[in-house]
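A.B. asks: sequence plus predicted model, see below.
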Amino acid sequence: MLNTIISIAISALTAALMNKFVTDSLPIIVAVSVVGFFLPFILIVRVVMKKVEALMMSAQQDVMANRAEKAIASLKAGMKYGAWQFYIKQQINSQIGSILYMKRDFNEAVPYLEKGFVRNWVGMAMLAISYMKKNKTSKMVETFDKAISGAAKEPMIYALYAYCLEKVGERQKGIIILEKGLKKTSKDERLQENIELLQAGKKMKMKGFGDMWYQFHLEKQGALIKKQTKAMTGRRKQVVR
């Protein structure tokens with residue numbers, strides 16, 4: 001990464017100048033060269049991350065304004081920052097993949113999600129679900145495990161994992177995952193409810209996770225349309241009153 005290379009170069013130059021013009025004391029030279037590395041390193045990180053944060057915020061606003069293509073184009077242009085800092089390309093890939101997935105461009109989303117950031121649990125969950133839909137159960141399990149390792153205290157990732165396990169006929173494994181999540185998430189009530197539902201041989205209830213649940217497209221499209229119609233009808237009734 002350019003950030004590291006530049007910082008090393010400054011550190012080496014600082015050490016050489018100290019040795020030639022100031023002192024030949026090794027401890028002092030080492031101390032100054034360490035400072036010479038970390039000061040520019042931290043400064044560059046802050047500058048680059050501010051630019052990336054602004055890029056992500058702009059892309060999010062475009063998505064909310066139904067300008068997904070513009071958001072994707074901006075994010076792709078932001079790949080240039082990947083040369084400066086570790087993991088930036090992975091984070092951008094996760095964002096692009098997530099946007100494509102939400103647009104239901106599933107096949108196009110997968111390559112980006114595969115190159116995404118492991119700590120972006122939403123992107124990892126979308127990738128795992130994509131594998132499930134392609135009947136790649138082992139890859140689904142592997143990806144969900146990675147997602148949990150990067151977001152161990154996020155209740156929804158356990159619920160999604162268990163939901164998909166139940167879908168592929170692994171109800172008991174789904175219960176085990178939910179029990180694991182219950183311990184990690186301060187006994188989340190939604191996980192407890194779904195444990196009881198699976199134990200009773202019933203389907204899981206995911207609506208407790210709110211609108212975020214629907215972005216994973218595990219709900220049938222007809223059910224989603226029904227939900228949206230019901231919400232619109234409710235708003236109209238309120239206006240009439």
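C.D. replies: Nice, thanks for sending it over.

A.B. asks: how about E108, what does it touch?
C.D. replies: Going by CB atoms under 8 Å, 6 or more residues apart in numbering, E108 touches L100. No exception for glycine: its C-beta is placed from N, CA and C like everyone else's.

A.B. asks: please parse the chain into its domains.
C.D. replies: Domain assignment for the chain by automatic domain parsing gives 1-117, 120-224.

A.B. asks: pick the most buried one from these.
C.D. replies: Each of the domains of the chain was scored by mean neighbour count; the highest is domain 120-224, a mean of 18, by mean count of other CB atoms under 10 Å.

A.B. asks: quick one, helices of the chain?
C.D. replies: 2-17, 26-64, 68-77, 88-102, 106-114, 121-133, 137-150, 155-167, 171-184, 189-199, 221-240 (DSSP state H).

A.B. asks: could you dump those to JSON lines with mean pLDDT and distance to Y214?
C.D. replies: Shown next, in JSON lines, are the helices of the chain (pLDDT from 0 to 100; distance: least, CB to CB, whole Å):
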{"stretch": "helix 2-17", "mean pLDDT": "89", "distance to Y214": "39"}
{"stretch": "helix 26-64", "mean pLDDT": "91", "distance to Y214": "15"}
{"stretch": "helix 68-77", "mean pLDDT": "95", "distance to Y214": "16"}
{"stretch": "helix 88-102", "mean pLDDT": "96", "distance to Y214": "9"}
{"stretch": "helix 106-114", "mean pLDDT": "97", "distance to Y214": "15"}
{"stretch": "helix 121-133", "mean pLDDT": "97", "distance to Y214": "13"}
{"stretch": "helix 137-150", "mean pLDDT": "96", "distance to Y214": "19"}
{"stretch": "helix 155-167", "mean pLDDT": "97", "distance to Y214": "12"}
{"stretch": "helix 171-184", "mean pLDDT": "96", "distance to Y214": "20"}
{"stretch": "helix 189-199", "mean pLDDT": "97", "distance to Y214": "15"}
{"stretch": "helix 221-240", "mean pLDDT": "48", "distance to Y214": "6"}
